[in-house]
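J.: please work out how this folds:
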Amino acid sequence: FIYWGRLCPYKNIDKAINLFSKLYKSNKKATFKIIGPDFGSKKFLKKKIKKLQLEKNVLIFDYMNFEEIKKYAEKSSFFIQLSSYEGMAMSVCESMQLGLIPLVTNVGQIKRYCKDLHNCFIYKNDDVEILENISRLINSEKEYLKIRENIIETWSSQPTYKKDMLNAIENLIRKI
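T.: Below you'll find the model as predicted:
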């Protein structure tokens, strides 16, 4: 499991850690890597991790560039982002482009590209349902690969954010 983005209250990383702690009870090998700059939540998150006795399985890393993040993402299967507010949710898009299965809340633009049980799991404040879905995927390579295929297909004809920005800049330069 992995998350990258700002460490701030509205990202609800504490809720993601609570969810992970329940997953961890049935899979002691699971890890949750949290990557990002501190926007006021890091100390609180570290206390929560310690209180839940997850120091060896939930790791917080400072800001990394995307190439560094990809090294950790390659060793992950799920991306967790339980935000209460989002815009485009770039890290969700990036995670999907890397083939990670997102566990997300249906906020902001996420509802435009994430379809529950098709290419993601939408968290509806029901730990039992999402834990059952994750467990089912962990125990069924066929189902896991099908959802992963749907994720990759979602973005296969879309440019990455970086390519899209470069194209936009090139178009502006041509107009000048």
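J.: OK, contacts around the residue sitting nearest the centre point of the chain?
T.: What sits nearest the mean C-alpha location of the chain, by C-alpha atoms, centre = their mean, is residue 79, with 2.7 Å. Listed by C-beta atoms under 8 Å, 6 or more residues apart in numbering, the contact set of residue 79 reads 1-3, 73, 91-92, 95-96, 100-104. Any C-beta I mention is one placed from the backbone N, CA and C, and that applies to glycine too.
J.: looking at those, which are in strands?
T.: Judged by DSSP state E, the subset of these located in strands is 2, 3, 101, 102, 103, 104.
J.: the fourth one reaches residue 118, doesn't it?
T.: No. Using C-beta atoms under 8 Å, residue 102 is not in contact with residue 118; the gap is 11.4 Å.
J.: so how far is the least confident helix or strand in the chain by mean pLDDT off the chain centroid?
T.: Sorting the helices and strands of the chain by mean pLDDT, DSSP states H and E puts helix 161-175 at the bottom, at a mean of 77. Taking C-alpha atoms, centre = their mean, to the nearest Å, one finds the center of helix 161-175 at 27 Å from the center of the full chain.
J.: same question, stretch 63-79
T.: Worked out by C-alpha atoms, centre = their mean, stretch 63-79 lies 10 Å from the chain centre.
J.: how about stretch 123-132?
T.: That offset, for stretch 123-132, works out to 16 Å (C-alpha atoms, centre = their mean).
J.: which stretches of the chain form helices?
T.: Assigned by DSSP state H, the helices in the chain fall at 13-26, 42-51, 66-73, 90-97, 110-113, 127-138, 141-156, 161-175.
J.: residue 57 is nearest to which of those?
T.: helix 13-26 (6.0 Å; C-beta to C-beta).
J.: could you check the angle the closest one makes with helix 127-138?
T.: Per axes from the mean of the first three to the mean of the last three C-alpha atoms, to 10 degrees, the angle that helix 13-26 makes with helix 127-138 is 60 degrees.
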